[in-house]
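In: all I have is the shape, not the residue letters:
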Ligand code: A2P
């Protein structure tokens, strides 16, 4: 069995589990005391659909702790990007938040998930509703050409408590629009709508309230969501998912799955 270079807190000679790849951290960026992004090398044989998640861990114990992470990079990317919270005393994130370039990350070989284009029937507009780290799967999907082949307009909403937490999404959309590869495909189709709930911002309030009041549609200059034209994906806390689902169902959308595509799909934003 192979042995690994030491990551933070690692013990020597930890074996790589047979169902994992051992990959190298290539960049780390901290946004706030609670949020950071990192990128790792991508194994040549690791295939995934944009929007899926995978289990990741650190080689710092005989039985490493694994947590589900949405892959934030698109399926064509040479590297893999992840967006993480820092949970105080979190079994994985208390160590993961200290990773540095060159450290080793364990990546399970199989990815899965329901926030994929295949789980939705075609439509005119795709709404992506996210809170907190729930934006991660959409960071993947907004950079995938298939999303723009399937929809004329892609509306990414991201709601956080504080304005600083919106930085990842704002930067991401900016980079995507200005990217030499995907910029042209995205131009005029990708719309970003950020809102903060506990600080003043251009848009304030929970996405559920912005939907229910119609403020979102007024701000975007779009008609209210309707099942003939609109599709949606939701990623956030359990409470946010349930409340958003109820509103979308009120608009006439119905939940889909990989084996039964329909007009909206959901996934819980994972906690590290
Ligand atoms: P709020 O500040 O009003 O609680 P959290 O970090 O708790 O997951 O929250 C992330 C964002 O999601 C916050 O802006 C929070 O708003 C919002 N949020 C929390 N619960 C819900 C819910 N049930 N429906 C819609 N948005 C929610």
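Out: Everything's here; your move. Owing to the predicted nature of the structure, the values given are computational and were not obtained by experimental measurement.
In: kindly report the residues of the stretch 51-200 of the chain close to the ligand.
Out: Contact residues (CB under 6 Å from any ligand atom) of the stretch 51-200 of the chain with the ligand: 131, 132, 159, 160, 161, 197, 198. C-beta here means a position set from N, CA and C on the backbone, and glycine is covered the same way.
In: how does it look with 5 Å?
Out: Proximity of the stretch 51-200 of the chain to the ligand, by CB under 5 Å from any ligand atom, involves residues 131, 132, 159, 161, 197, 198.
In: surely the fifth one is in contact with residue 165?
Out: Think residue 197. No: Residue 197 lies out of contact with residue 165 (CB atoms under 8 Å); the separation is 10.2 Å.
In: between those two, which one's more packed in?
Out: Legend: neighbour count by other CB atoms under 10 Å for residue 197 and residue 165, higher for residue 165 (24 against 15).
In: picking that back up, inside strands: which ones of the residues of the stretch 51-200 of the chain next to the ligand?
Out: The strands, defined by DSSP state E, take in 131, 159 from those.
In: between the residues of the stretch 51-200 of the chain next to the ligand, which is closest to residue 32?
Out: Each of those was checked against residue 32 using CB to CB; the closest is residue 161, at 10.2 Å.
In: the closest one: what's it in contact with?
Out: Residue 161 makes contacts with 196, 197, 198, 199, as judged by CB atoms under 8 Å, 6 or more residues apart in numbering.
In: most neighbours, which of these?
Out: With neighbours taken as other CB under 10 Å, the top of those is residue 196, carrying 20 neighbours.
In: mind checking which helix or strand of this structure has the lowest mean pLDDT?
Out: helix 183-186 (a mean of 92; mean pLDDT, DSSP states H and E).
In: packing partners of that helix?
Out: Packing partners of helix 183-186 (3 or more CB pairs under 8 Å, 6 or more residues apart in numbering; DSSP states H and E): helix 145-150, helix 167-177.
In: recalculate using a threshold of 6 Å.
Out: Applying 3 or more CB pairs under 6 Å, 6 or more residues apart in numbering; DSSP states H and E, we find helix 183-186 packed against helix 167-177.
In: how about the residues of the stretch 51-200 of the chain next to the ligand in CSV, adding distance to residue 33?
Out: Output for these, formatted as CSV (distance: CB to CB, whole Å):
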residue, distance to residue 33
131, 18
132, 14
159, 19
161, 13
197, 18
198, 15
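In: list just the nearest of the residues of the stretch 51-200 of the chain next to the ligand to residue 233.
Out: Of all those, residue 233 sits closest to residue 131, with 12.8 Å by CB to CB.
In: the closest one: neighbouring residues, count only.
Out: Here the count is done by other CB under 10 Å, and residue 131 has 26 residues near it.
In: and the residue lying closest to residue 107 once chain neighbours are set aside, what element?
Out: The shortest distance from residue 107 to any non-neighbouring residue, by CB to CB, 6 or more residues apart in numbering, is to residue 21 (4.6 Å). Counting by DSSP states H and E, the element that carries residue 21 is strand 20-30.
In: now the angle between helix 167-177 and that strand, please.
Out: Angle, strand 20-30 to helix 167-177, by axes from the mean of the first three to the mean of the last three CA atoms, to 10 degrees: 100 degrees.
In: helix/strand/coil for residue 266?
Out: With DSSP: H, G, I helix; E, B strand; the rest coil as the basis, residue 266 sits in strand.
In: ok, it - how many residues close by?
Out: Residue 266 has 23 neighbouring residues, counting by other CB under 10 Å.
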